[in-house]
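Q: take this sequence and fold it.
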Amino acid sequence: MKKYRTRMMLVALLGFLASASLATPSQAEIGALRVVFTKGGFIVGVGGGQGVLTFRGRNYPFTVSGMSVGFTIGASTTKFVGRALNLRSPGDLAGSYVAGGAGGAIAAGAGGVQLQNANGVILQLSGPRVGAEVSAAVGGVTITMR
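A: Residues are numbered from 1 along each chain as shown. The predicted structure is shown next:
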């Protein structure tokens, strides 16, 4: 009888933990992003821009600033569109994002990036790039809500 009671308590506890862990991701939502980012440099690249997060039917403006260190020559402007995953509130978008990668554009091309911040927000962005830039650099981006 004691073993049966212990098993039932264990099954109930596991069921509770499973339902609690399943509830957490469903509370996170997805937001739509539009960002215009301009970057230029020689060795050290510096960039900035602005964007809008659309979340729960409202628009939230933000600014983007960033820097990369590595092989960077030229300048480009990218108009990103995409989504922000794992949002619980618009403020979760703010913070520092780190990315490493290589890319380039001559006259026009395409750029894409996936970034994550300390809040667990994942940005999946892509868009056309205009300008003349070649880079193989590690950089970071900071988003600040306005």
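Q: look up how far G66 lies from N59.
A: Noted for N59: a distance of 22 Å to G66, by C-beta to C-beta, to the nearest Å. All C-beta atoms are positioned from the backbone trio N, CA, C, and that covers glycine.
Q: roughly how far does the residue nearest to Q116 when sequence neighbours are not counted sit from G45?
A: For Q116, ignoring the flanking residues on the chain, the nearest one in space by C-beta to C-beta, 6 or more residues apart in numbering is I122 at 4.9 Å. When distance is defined by C-beta to C-beta, I122 is 23 Å away from G45.
Q: these two - which one has more neighbours?
A: G45 (23 against 16; other C-beta atoms under 10 Å).
Q: A helix includes that one, no?
A: No. Counting by DSSP: H, G, I helix; E, B strand; the rest coil, G45 falls outside a helix, being strand.
Q: do I have it right that T38 meets S76?
A: Yes. Between T38 and S76 there is a contact under C-beta atoms under 8 Å: 7.3 Å.
Q: which of the two has more residues huddled nearby?
A: Counted by other C-beta under 10 Å, T38 and S76 do not tie: S76 has more neighbours, with 24 against 15.
Q: okay, helices next: where are they in this protein?
A: Taking DSSP state H to define them, one finds helices in the chain at 2-27.
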